[in-house]
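Trainee: 3D model of this:
(2 chains)
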Amino acid sequence: MALPPKATFPLSLFLLLPLLLLSLVLATTTQQEEFSEELLLKPLPDRKILAHFHFQNEAPLDADSFARHHHLFPKSISQLVQKFHIKSMELSFTQGRWNYERWGGFDPISSHNAKPPGVELWAVFDVPPHQVDASWKNLTHSLSGLFCASINFLESSTTYSAPEWAFQSALGSLRYGTLPREAVCTENLTPWLKLLPCRDKAGLSSLMDRPSIYRSFYHSQRLHLTMSSAPSDGSRSGIILEQTLTVVLQPNDQNADTNHVSKAKIQPSWSLSSIFGRKISGRCVLAKLSTVYLHADKGLVAQLENLHKTTAQFADNDTGPEDYRVNSGFKLSVTPKRVHTELGKDSSILYEYPIKDYKDTEQFDLGLSWEHPIVWSSPHAPFYASRFLMGSGNERGAIAISLKSTEMTQGLVTNNIEERCKLQVNVLQVVPWYVKVYYHTLQLLIDERPRVLTDFVERMRVSPSEDKVSPGMMELVLQFPCEMKSAVLSIEFDKGFLHIDEYPPDANQGFDIPSAIISFPDFNAALQFYDKSQSKSPLLSKLQEKSPVLSYTEVLLVPLTTPDFSMPYNVITITCTVFALYFGSLVNVLRRRVGEEERLLKNKDASKAVFLRRVLTKLSAKLRGRPLESTTSPSSSSSSSFVSPKLILRVLLVAGIAIAWQYYSQ
Amino acid sequence: MDQNRREVMGANENSSAKPRVRPIVRLGIFLISHSNIVSLVCFLAGVVALLLLPVLAKNTYISENALMPGSAYNMLSTHHVSDANKFIKDLTDLEFTSMASPIESQKLIARYMSALDAEVTFHKFYPQFSQFHPLHFFTSPDSGIISKNGTCSSFGVNTIGIIRAPRGDGKEAIVLVTPYNRSKVGLGEAVSLGIAYSVFSLLSRVTWLAKDVIWLVADSQYGEYSAVAAWLREYQAPVFHKVDVVTSEACNESSTFNELGQGLYLDGKLNGDFRRAGTMAAALVIKVAEQGDRYEDSLNIYAEATNGQMPNLDLINIVNYMAVHKQGLRIEVKKMWSLLDSWWLNTLGVIFESLGKIARSLNPQWKFGIPASEYVEGAATLASSLYYQGLGVPTGPHGAFRDYQVDAITLEISPKVSLTKLYRRNEFILRGGRLIEGVIRSINNLLEKFHQSFFLYLLTSPGKFVSVGVYMIPFALLVAPLPIVAAYLHANASNSNPQNPSTLEVDGSHKSWEWLNSARKVLVIHLWGVVVSLLPFFLRQLPNTTLTMNFVLWGFLSILSLLILYLILGCPIAEASASQLEKNKWASLKSVTISTAFIGLSLMSVINFATAEIGALLIVPICLLARPLKLDIQARSWRTLLRASFNIALGFVVFPPVAFVLLKVAFEDFYGINVGDYWKWVESLWAWNSATYLYVGVVHLPCWALCIYILFHPC
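Mentor: The predicted structure is shown next:
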């Protein structure tokens, strides 16, 4: 609440007091604004660390809350929600690629936070269908201003599409757009941090040292908005703003020697201060919850248990508590407050470190040091999806999406050997209009054999592209048999020609085809922990939330025919010359009546030449002082030949003079 | 006074009521009427302009600013070099220890790549043997035609390592290629692998990488080119239903291929499927010559791809810049060594040098003279540049990339002394590695495609080039007389008839259509040319033939087909002609021949300029000079006799096999000539889909035959 100027203080205080009281009353009656900050750390199989910051801000939503001041919740976002009637929205800025193969594709973190490079935005609006596009356009401009990014390019109808069910199923008026070429840097992070109550001055966000987080292998900042519904009547009761930053960092390897081709490498040990260059000095006082988690995934835990068994055989002094049963592989510098174990046989483990327990003077610096070399792998999505271009040249090509089964589906086959098991795969592919896709050429090959597409497609929705108006979009729901090893979807396209002003003014590298989205609705990327009831942590509930496994494919680069932009100048010059020559001669031919002209010319020549000759001969005669000679016509024989000796003589004379001039002028 | 006189003249002329002719038409008529002198002047000017090209060459420059070659410090250190040395040692040791499994070295390479956190895959391919498909000229390499005769037992295995750029979007990739023969690893190949490894190990750690890096270790036991081409085919145009092509049960060897991947895919990596990394921005093929230069470390650049296509000049410029200014390597492009000592070129160089000196003494700003030695070197390089572009056969594995519009060059680094000494080898690897690092870093900077610099050029030295605007002039001058002479002959042939009053009314219609008869004859001969160029396709189907036999058979069949064609189509024309027209018949035939030669040369200049240039040098003189020997001998003046002898000499020289032998003697090392060599050469031309083959068969040979026909014309 803004303080009024001092002179009018008593008066305004008097005036404002009832309002203040009123708002206090309101605040107590409705739900409180809540903010929580959490950080999840996870060692990855390829000796990198995943750090996932999760900030959640909840605010109650009132009918009259347009001009309301929030305590914690960013006003700009609430205004955005109010103005454009956003039901839910997600904006992500990503640099680098998520490595589905090594960093996993089956856990909630990869499903939610692995995003395509550049900017991705989707939003669901709570407005009548004809207003959706207008709201989207306004939203892109507002976000563009808020985040210092060129999100406003998504305004053009050629860049966004309206998938209906392949993406976020059954949400209503959804609009989806990506900008694969958008560069992400600190100027996008700063406005994002501004939305946090403590910014990066206190709490977990103070770890965000710019050089270290931008040195990461993957960097994705995300902003997710949803409306929370009241449990009683299902009406909208509040806004949940979820801000996440996911980075994959490589800790400095102290004993880095590359002469370890044969032997297995030991994972590098790390601590918060070594990967971020900072420590946590305290929590953000405004946060209700401030926690750091360390997540050891399924594969790692299994390997640790194996290791434990082998070491236990050698040393029988296994007296540690149950919590430390897998800790023989690595050492933690701080004892965790609580350990969450996932349900099931081989389960992942989550170590919890509440920040509030640490005093301001001592700093929290979680460290992990490995004791034994451990090789494990992250859980993969049922199919590993990759997409590539085929063909060469500037005329045509083809897009192929290949799906390769992973150990996930191989496990399924052994389980369900009797009944015929099917696997659902949803594919969403948006293609810009200048890549003219022929949807009838869609081909499906399963295990390297061409198959009839209709046997496997359950549903399909195609909206063909319209030149300069809308992109082409293809939504597919495919049912594959579980025992399938590989599948390839290929579709052919022609490369279109762009108008000269549609080429980007800067570097022309080629044009992007945005990532395709492959989702597996049959699988849920969720972790189930024992102590479900007592945890009120938003991050934990997010991890436990059931959502389909989702993965993005690569962005493709299509080289289109590029005109040489200096060419117009040349073309203009040459066409002008040709036209001048053509019209000149044409006009000449049309205008001239040869016979008439010659007659005229003869008359004129006769009169003029005679006159001129008379004058000139007189003049010369006078100059020479000689009597007038009879003008004998000079030999006209030379005129018949093109090159008369006189002409040559004259040219030579002029050239000689020029050379002499050139020589002596030096 | 002059003015006055002209007025008078004008008046005089007009009084004779002669219509004025437009200047451009007058110029045309003038040129045609003086066609002899014009063609002589043009031809000589063309030859002189061609000889002047080394003088007119410009210095190369980095055209694309984003490349910024050499603006960063080299990061490749001795540490990387010692790693590379260890790798080389392991690789060469392997050859001595385990002779049993040749696949072991592939495993070793893969293990080393994998230790660098690269994604490693193997690519198994069946080598495609060259086959003549007459209808597949100019088509892109078709994946559908996988050779049926590739047996299961003979397959190659490429090893591919891919480093993903840490923060890149993976849209583009740079390719490093090291050909490597797994059955016998020479030290040169091992060192080239070592250089690539040192660069690769550096690139796996750097943060500045924006494009992915692919290192392809091409299994060159069936040829370097075919291995690279097979990989590219799989990369760009894969065939998904392989099951039909190679039946799986017949190929038991695949088990050895499968065992390759064992132990590699442990830490979270998936099985070894073929992997891709975006659009290729550029490719570098690295080779190390075993037998080095005696003076210093040097670098050879090979750039010519199929049909004389060249990579963007900027790519050569970066390599040149990095090698000369950063690494101090002596850089070379291919030269015609035989030309270096030729006396005529040296005298020509001296003449041009002195001319340049005179010009400079007149005006110090005229700087077109270059030293004679430089001229000779430039001319030798230019000749080889023309020859290899004209041949249309790629000069290395980089040619495979050009088929997919990827700029690529081959870098062959040759050491000063033998690489067996460890200290010397370390320094060599450091230099080579830093060169490659610099080039890759420069390409990595590139935001756009290579488009800024030239694609059409001839090199006269690594740092000098002749662009298309300049080298077109000699060709234009060479072919310019052809239409003029054709027009002159046509005009003469049609004008001279009316002198004979008896034929005037009879042949009024016949005369104007007479050229059509000649055109028919020319067409028949060109048809024969097509038949001749198709014959090798059928000859190749014959089993158990030697090269010489093939060649003889080809010649025999060609003559036979000529006879048949002549009997079917040629005879009626010959009979129809009246005896008094016979005199002009050869002129009209020559006119049409020259026109077709002109059209053929012009078309060829669009497809492969160098071929057209060399072809024009050969075919234009005889086209211009050809005249029935009978007439020349009848005239019995020294001029006509000289012309006749010239004609006979030219007619002999221009015959394709003779021309081939002469060119071989002139440009390549002379090891004795075998008749079968020509067949071999032709075979190599069609194996590489070279348009030169078509040119020789469809344009050059018929034109030569027609000229010979004119020489022996009975008139």
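
Trainee: got a list of what residue 277 touches?
Mentor: Picked chain A for this. By Cβ atoms under 8 Å, 6 or more residues apart in numbering or on different chains, the contact list for residue A:277 reads A:209, A:211-212. Backbone N, C-alpha and C define where each C-beta goes, glycine included.

Trainee: chain B is the one I meant
Mentor: Residue B:277 makes contacts with B:162, B:164, B:170, B:173, B:212, B:214, as judged by Cβ under 8 Å, 6+ apart.

Trainee: is it true that the third one touches residue B:164?
Mentor: By that I understand residue B:170. Yes: with contact defined as Cβ atoms under 8 Å, residue B:170 reaches residue B:164; the gap is 6.4 Å.

Trainee: mind putting the contacts of residue A:277 in a markdown table, neighbour count, secondary structure and distance to chain B included?
Mentor: Converted to a markdown table, the contacts of residue A:277 look like this (neighbours: other Cβ atoms under 10 Å in any protein chain shown; DSSP: H, G, I helix; E, B strand; the rest coil; distance: Cβ to the nearest Cβ, whole Å):
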| residue | neighbour count | secondary structure | distance to chain B |
| --- | --- | --- | --- |
| A:209 | 14 | coil | 16 |
| A:211 | 9 | helix | 11 |
| A:212 | 17 | helix | 12 |
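
Trainee: adding pLDDT, write these out as TSV.
Mentor: TSV is the format used below for the contacts of residue A:277 (pLDDT from 0 to 100):
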residue	pLDDT
A:209	90
A:211	90
A:212	90
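
Trainee: check the stretch 301-450 of chain A for the residue nearest chain B and tell me.
Mentor: Closest to chain B within the stretch 301-450 of chain A is residue A:377: 3.7 Å, counting by Cβ to the nearest Cβ.

Trainee: look up phi and psi at that residue.
Mentor: Phi and psi for residue A:377, reported as degrees, to the nearest 10, are phi -130, psi 150.

Trainee: pretty sure it contacts residue A:298?
Mentor: No: under the criterion of Cβ under 8 Å, residue A:377 is not in contact with residue A:298, lying 9.6 Å apart.

Trainee: element containing residue B:680, please.
Mentor: Following DSSP states H and E, one finds residue B:680 within helix B:675-687.

Trainee: contacting chain A as well, which ones from the contacts of residue B:277?
Mentor: Near chain A, judged by Cβ under 8 Å from any Cβ of the partner chain, the entries from the contacts of residue B:277 are B:164, B:170.

Trainee: what sits against residue 382?
Mentor: This is for chain A. By Cβ under 8 Å, 6+ apart, residue A:382 lies in contact with A:405-406, A:408-409, A:412, A:423, A:520, A:522-523, A:549.

Trainee: try again with chain B
Mentor: Applying Cβ under 8 Å, 6+ apart, the residues near residue B:382 are B:53-54, B:57, B:458-460, B:466.

Trainee: in strands only, show me those residues.
Mentor: Residues of those located in strands (DSSP state E): B:458-460, B:466.

Trainee: now do the strands in chain B.
Mentor: Counting by DSSP E, the strands of chain B are B:58-59, B:119-125, B:156-163, B:172-180, B:212-219, B:279-288, B:298-302, B:330-333, B:407-414, B:457-461, B:464-467.

Trainee: just the stretch 451-600 of chain A next, same as before
Mentor: Under the criterion DSSP state E, counting those that start in this stretch, the stretch 451-600 of chain A contains strands at A:457-463, A:472-481, A:486-495, A:511-513, A:517-524, A:548-552, A:556-558.

Trainee: residues contacting the second one, please?
Mentor: Going back to what we said before, that points to strand A:472-481. Outside strand A:472-481, the residues within contact range by Cβ under 8 Å, 6+ apart are A:161-167, A:403, A:420-433, A:435, A:437, A:439, A:442, A:446, A:456-465, A:487, A:489, A:491.

Trainee: list the buried residues of that strand.
Mentor: Residues A:472-478, A:480 are the ones in strand A:472-481 that count as buried (16 or more other Cβ atoms under 10 Å in any protein chain shown).

Trainee: that one vs strand A:517-524, what angle?
Mentor: 40 degrees (axes from the mean of the first three to the mean of the last three Cα atoms, to 10 degrees).

Trainee: same question, the third one
Mentor: Between the axis of strand A:486-495 and that of strand A:517-524 there is an angle of 160 degrees, by the same axes, to 10 degrees.

Trainee: just checking: what are the partner strands of strand A:486-495?
Mentor: Strand A:486-495 sits in its sheet next to strand A:396-405 (antiparallel), strand A:435-446 (antiparallel), going by DSSP bridges.

Trainee: so how far is the shortest one from its chain's centroid?
Mentor: Taking Cα atoms, centre = their mean, to the nearest Å, one finds strand A:396-405 lying 21 Å from the centre of the chain it belongs to.

Trainee: contacts for it?
Mentor: If you take Cβ under 8 Å, 6+ apart as the criterion, strand A:396-405 is touched by A:382-391, A:425, A:427, A:429, A:431, A:437, A:441, A:480, A:484-495, A:513, A:516, A:518, A:553, A:556, A:558, B:238, B:270-271, B:273.

Trainee: okay, buried residues for that strand please.
Mentor: A:397-405.

Trainee: list the contacts of residue B:709.
Mentor: Shown in contact with residue B:709 (Cβ under 8 Å, 6+ apart): B:525, B:589.

Trainee: residue A:242 now?
Mentor: The contact partners of residue A:242, by Cβ under 8 Å, 6+ apart, come to A:54-57, A:222-226, A:538, A:542.

Trainee: quick one: buried ones out of the residues you listed?
Mentor: Among the contacts of residue A:242, those classed as buried by 16+ other Cβ under 10 Å are A:54-57, A:222-226, A:538, A:542.

Trainee: pLDDT on stretch B:224-241, on average?
Mentor: For stretch B:224-241, mean pLDDT is 86.

Trainee: buried residues in it, which are they?
Mentor: Going by neighbour count (16+ other Cβ under 10 Å), the buried part of stretch B:224-241 is B:224-238, B:240.

Trainee: ok, stretch B:545-555 next?
Mentor: By 16+ other Cβ under 10 Å, the buried positions in stretch B:545-555 come out as B:550-551, B:553-555.

Trainee: what about the residue of the stretch 301-450 of chain A closest to chain B, how many residues nearby?
Mentor: Neighbour count of residue A:377, defined by other Cβ atoms under 10 Å in any protein chain shown: 24.

Trainee: about what we covered before: which two among the contacts of residue B:277 are spaced furthest apart?
Mentor: B:170 and B:214 (11.6 Å; Cβ to Cβ).

Trainee: where's residue B:69 relative to residue B:198, distance?
Mentor: Using Cβ to Cβ, to the nearest Å, we find residue B:69 at a distance of 20 Å from residue B:198.

Trainee: between those two, which one's more packed in?
Mentor: In terms of neighbours (other Cβ under 10 Å), residue B:198 is the more surrounded of residue B:69 and residue B:198; the figures are 29 against 22.

Trainee: any low-confidence regions in the stretch 351-500 of chain B?
Mentor: B:494-500 (pLDDT under 70).

Trainee: that one against chain A: which residues are in contact?
Mentor: So the stretch 351-500 of chain B meets chain A at B:362-364, B:403-405, B:447-449, B:451 (Cβ under 8 Å from any Cβ).

Trainee: with pLDDT as new columns, can the buried residues of strand A:472-481 be given to me in JSON lines?
Mentor: As requested, the buried residues of strand A:472-481 are arranged in JSON lines below (pLDDT from 0 to 100):
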{"residue": "A:472", "pLDDT": "93"}
{"residue": "A:473", "pLDDT": "92"}
{"residue": "A:474", "pLDDT": "92"}
{"residue": "A:475", "pLDDT": "90"}
{"residue": "A:476", "pLDDT": "91"}
{"residue": "A:477", "pLDDT": "91"}
{"residue": "A:478", "pLDDT": "91"}
{"residue": "A:480", "pLDDT": "89"}
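
Trainee: got the CA positions of the top strand by length along chain A in CSV?
Mentor: Longest strand in chain A, counting residues (DSSP E): strand A:236-249. Extracted as CSV, the C-alpha positions of strand A:236-249 are listed here (Å, rounded to 0.1, in the frame of the first residue of the first chain):
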residue,chain,number,x,y,z
ARG,A,236,-12.5,-20.3,-9.7
SER,A,237,-11.1,-19.5,-6.3
GLY,A,238,-7.6,-18.4,-6.9
ILE,A,239,-4.6,-18.1,-9.1
ILE,A,240,-1.6,-20.4,-8.8
LEU,A,241,1.6,-19.0,-10.3
GLU,A,242,4.2,-21.6,-10.6
GLN,A,243,7.7,-20.4,-11.6
THR,A,244,10.4,-23.0,-12.3
LEU,A,245,13.9,-22.8,-13.4
THR,A,246,15.6,-26.0,-14.5
VAL,A,247,19.3,-26.1,-15.1
VAL,A,248,21.6,-28.9,-15.9
LEU,A,249,25.1,-28.1,-14.6
